[in-house]
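1. Fold the following, please.
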Amino acid sequence: MTEYLDIVLGLGGAAAGMGFAWLAHRERVRAEDLELQASRAQRERKEGEDRHRAERAAAEALIGSVLENCGSGVIELDGANAVVRTNDEAARLIGQPRGVIEGRPLMETALSGPLNDLCLLAAEQRNRARAEISRFGAGDHAVVASVSPVGSSPQRYLVVLQDVTELRRLETIRRDFVANVSHELRTPLASIRAMAETLQDGALQDPEVAHRFLNTIIDEAQRLTRISDDLLVLADAESRPPARPAFSLAGLVLAVVERLQSQATTAGLTLTAQTEEDLEAYGHPDQIEQVVLNLVDNAIKYTPAGGRVAVRAWRDNGACFVSVQDTGIGIMKQHQSRIFERFYRVDKARSRASGGTGLGLSIVKNIVEGYGGRV
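-> Take a look at the predicted model:
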């Protein structure tokens with residue numbers, strides 16, 4: 001005679017399966033056997049619950065790690081467009097701490113209206129909606145926002161925010177650069193062509209006019225040469241890995257100041273230099289000379305007669321510093337963030353009159369940053 005013992009196995013308050021035990025003899029199942037099987041079932045249920053909790057915790061940790069390291073802002077919304085969860089990148093773009101954002105309706109989190117409209121569109125279409133928002137959050141970031149329903153139910157949404165602020169800034173700089181190069185080259189070329197045609201039409205017979213026009217043609221040709229030279233220097237600074245031989249920074253600074261001393265005297269300025277003795281640095285001397293030359297030359301060009309330009313070089317905490325201070329007109333705050341852009345000029349007319357190409361400070365920035373420094 002065989003007797004069977006059926007034991008229901010539970011997990012999380014629900015039936016998870018059936019345990020079977022049998023005795024292939026004539027004795028009846030004893031109470032201690034029932035207790036043993038019940039104890040085993042309870043232990044297996046607890047082990048299953050523990051395993052389930054561990055797997056869930058691991059999944060949550062994995063999701064959290066993905067959210068924090070994906071590089072995009074992520075916001076989870078419920079059906080009422082309240083924020084369930086965010087990551088640090090989303091909080092940065094919004095401009096509020098995560099603790100302030102989570103649990104609040106979307107429109108109370110310093111977000112712009114277009115994102116809320118995008119959520120409504122995704123809910124209406126029950127499909128992903130995507131758009132670029134040019135002024136997002138407290139910092140007016142440019143973001144590409146994507147809103148997708150989560151799972152089969154449209155009651156939860158996932159918002160992914162990609163910060164494209166820097167990309168759009170670089171695109172603007174590129175467009176401005178192309179436009180400025182065209183303008184900077186077209187202007188002297190048009191002047192050269194106009195004067196050459198005038199000379200060809202008979203002005204060459206007038207010695208005074210011919211002399212004036214030829215001088216202008218030479219000046220414009222020299223301007224084109226300066227632009228092309230600066231573009232080549234800039235391209236070289238951006239593409240060539242910087243060499244790092246040791247050289248005398250003190251000697252280089254003094255040589256640049258001596259070279260520009262006559263230019264400063266002609267402009268009615270006092271140009272001075274102060275360096276530490278035996279000050280050495282590591283880098284390509286020609287490139288560092290270009291940096292110091294551009295900075296001092298700029299200071300001379302934009303300082304009125306009677307002013308001063310002071311150049312200093314020193315070492316502090318293992319780093320070398322060069323400063324160029326002047327008593328010139330200065331740079332207004334709204335222009336300071338753009339002065340290192342190619343061809344950007346605060347005063348276009350004055351810059352051209354002084355022979356500037358609009359590339360000097362861009363060259364300075366690229367060379368210095370190529371060595372891991374900053375301006």
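
2. low-confidence ranges in the protein?
-> 1-31, 33-34, 56-69, 109-112, 138-139, 151-154, 240-243, 347-356 (pLDDT under 70).

3. can you give me the strands in it?
-> Ranges of strands in the chain, per DSSP state E, are 3-11, 14-23, 73-77, 83-86, 129-136, 141-149, 157-163, 246-248, 270-275, 280-282, 308-316, 319-326.

4. would you list these in CSV and tack on mean neighbour count?
-> From N, CA and C alone the C-beta is placed, and that goes for glycine too. Shown next, in CSV, are the strands of the chain (neighbours: other Cβ atoms under 10 Å):
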stretch, mean neighbour count
strand 3-11, 13
strand 14-23, 11
strand 73-77, 22
strand 83-86, 20
strand 129-136, 16
strand 141-149, 20
strand 157-163, 21
strand 246-248, 14
strand 270-275, 17
strand 280-282, 16
strand 308-316, 17
strand 319-326, 16
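
5. Compare those and report which one is nearest to Ile218.
-> Nearest of the strands of the chain to Ile218, taken as Cβ to Cβ: strand 270-275 at 28.2 Å.

6. Quick one: residues in contact with that closest one.
-> Contacts with strand 270-275, where a contact means Cβ atoms under 8 Å, 6 or more residues apart in numbering, come from 249-250, 253-254, 257, 260-261, 264-265, 296, 300, 307-314.

7. picking up where we left off before, which one of the strands of the chain lies nearest to Cys119?
-> strand 141-149 (5.2 Å).

8. Does anything pack onto the closest one? Which helices or strands?
-> Helices and strands touching strand 141-149, by 3 or more Cβ pairs under 8 Å, 6 or more residues apart in numbering; DSSP states H and E, are helix 113-125, strand 129-136, strand 157-163, helix 165-200.

9. Now do the first one against strand 157-163, angle only.
-> Computed with axes from the mean of the first three to the mean of the last three Cα atoms, to 10 degrees, the direction of helix 113-125 lies at 140 degrees from that of strand 157-163.

10. Any chance you could list what contacts helix 113-125?
-> With contact meaning Cβ under 8 Å, 6+ apart, helix 113-125 is reached by 77, 81, 106-107, 128-131, 133, 136, 145, 147-149, 154, 157, 159.

11. What are the buried residues along it?
-> 114-115, 118-119, 122-123 (16 or more other Cβ atoms under 10 Å).
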